[in-house]
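**Q** Provided below are the primary sequence and the corresponding predicted coordinates.
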Amino acid sequence: MIRTVLVTGTRAPATLDLARRLWRQGVRVIGADSMRFPIGSFSRAFAAHHRVPPPRQDREGFLGAIEAIAHREQVDLIWPTCEEVLHLATGKASLDAVAPVFCPPLEVLDRLHHKLHFAELVRELATEVAVPESRPAPAALVSEGPWVWKPFYSRFASRTRFTPPDGDLVGWMAQRRVAGREASSWALCVDGEVRVLTQYRCPARSGRGAGCAFEPHWSTSVESFTRSVAGTLGYTGALAFDFIESDAEGRSYVLECNPRMTSGIHLLPSDTDLVGVLDGGPVSVSGRQRAAQLLLPTLASNPRLAGTSPDVLADHDDPRPAWVQGLALAEIAWRSVNRRVSLVEATTVDIAYDGC
């Protein structure tokens, strides 16, 4: 039985949503993050919250801190939610001896996180959902486009471009551009079985990639594709995909994989039994979903949608995260200026995993 869960990556609204759901099911939730003011640290859903070393800059210190917390708090499960999952996977064998880590081995995660390797995997699976033609960037330079250019490792489409990058092309790929409507999916899997699945569109985004409003959507081909990937890999953990639905061709193309928590959790009905799902209870795979949004980013990007669905951060039983979200944003803004990166990149500058 799962009594105490250590959740990492508490800076993310999706992680806060997860913690609240577990808390309301009677789980004792412990939080950890390398940010000073992650929004989750203000939530009453956490029985305790710990600041840990940044895994990208000090992986050994990060892994040691997580192991010590798991020991001290008598944790039954370690649940990584953001990109720190790949760093945790490097120490999975040692951590599993203390408490199981809810993720697959690093070699599985890296194959999904690396955009070109993931495209190659999809081609091997030969499912109804295809992947656009994908090549290393140097090979695409001598081929007719149109191409979308992106690094092997990136997040939130922060470095995606429609012209070849300047300078060295090492670490870049190109993917044939497909016209259509964007959609996303998110799943929780256990031993290769999809046990929770949501699908959605994002009618409002912060910048090019990060969604801030989420509307239910459903595709049986996406459901089948998710089951195929999970089953082939014997996957345990969170598994998310981004798609383009081509009206001209009448089919879906998968663009990339995010092997972690995403905003898809916001669409789960409030009565979803996550603990039961992980413990072998009823599977929650259906079109029964709800719309949601991050109110302030939606207000900034698409004011007409603001307030048309519940705010993820607002909660009458747990109001503080919504009140102090500006503090977390201020820390991210300071990081952006201090490290000379965009605001989106600043959200993951200390947890991003680029293959090492």
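**A** Done, it's in. Just so it is clear, the model here is predicted, and its values are computed rather than measured.
**Q** where along the stretch 101-250 of the chain do the strands fall?
**A** Using DSSP state E, counting those that start in this stretch, the strands of the stretch 101-250 of the chain run over 134-136, 147-151, 172-176, 181-190, 193-206, 210-216, 237-246.
**Q** Was I right to think Asp279 contacts Met1?
**A** Yes: here Asp279 reaches Met1: they are 7.1 Å apart, a contact under Cβ atoms under 8 Å. Every C-beta, even on glycine, is put in place using the N, C-alpha and C of the backbone.
**Q** Of these two, which one has the most company?
**A** With other Cβ atoms under 10 Å as the criterion, Asp279 and Met1 differ in neighbour count, and Asp279 comes out ahead with 11 against 6.
**Q** Once you drop chain neighbours, what's closest to that one?
**A** Distances taken as Cβ to Cβ, 6 or more residues apart in numbering put Ile2 closest to Asp279, at 6.6 Å, once the chain neighbours are dropped.
**Q** My impression was that that neighbour belongs to a helix - is that right?
**A** No: secondary structure of Ile2 (DSSP: H, G, I helix; E, B strand; the rest coil): coil, not part of a helix.
**Q** Compute the distance between it and Ala65, please.
**A** From Ile2 across to Ala65, the span is 22 Å (Cβ to Cβ, to the nearest Å).
**Q** hey, what's Pro216 bridged with?
**A** On the basis of DSSP bridges, Pro216 is bridged to Tyr200.
**Q** For it, give its distance to Arg340.
**A** 39 Å.
**Q** of the two, who's got more company?
**A** Pro216 (15 against 9).
**Q** Would you map the helices across this structure?
**A** Assigned by DSSP state H, the helices in the chain fall at 13-24, 59-72, 84-90, 92-96, 106-113, 115-125, 137-141, 220-233, 274-278, 295-301, 320-323, 325-339, 343-346.
**Q** looking at those helices, which is closest to Val178?
**A** Nearest of the helices of the chain to Val178, taken as Cβ to Cβ: helix 115-125 at 12.7 Å.
**Q** on contacts alone, who are the packing partners of the closest one?
**A** helix 106-113, strand 134-136, strand 172-176, helix 220-233, strand 251-258 (3 or more Cβ pairs under 8 Å, 6 or more residues apart in numbering; DSSP states H and E).
**Q** ok, and what's touching that helix?
**A** Helix 115-125 has contacts (Cβ atoms under 8 Å, 6 or more residues apart in numbering) with 110-112, 129-132, 134, 136, 150-154, 173, 175, 228-229, 232, 254, 256-257.
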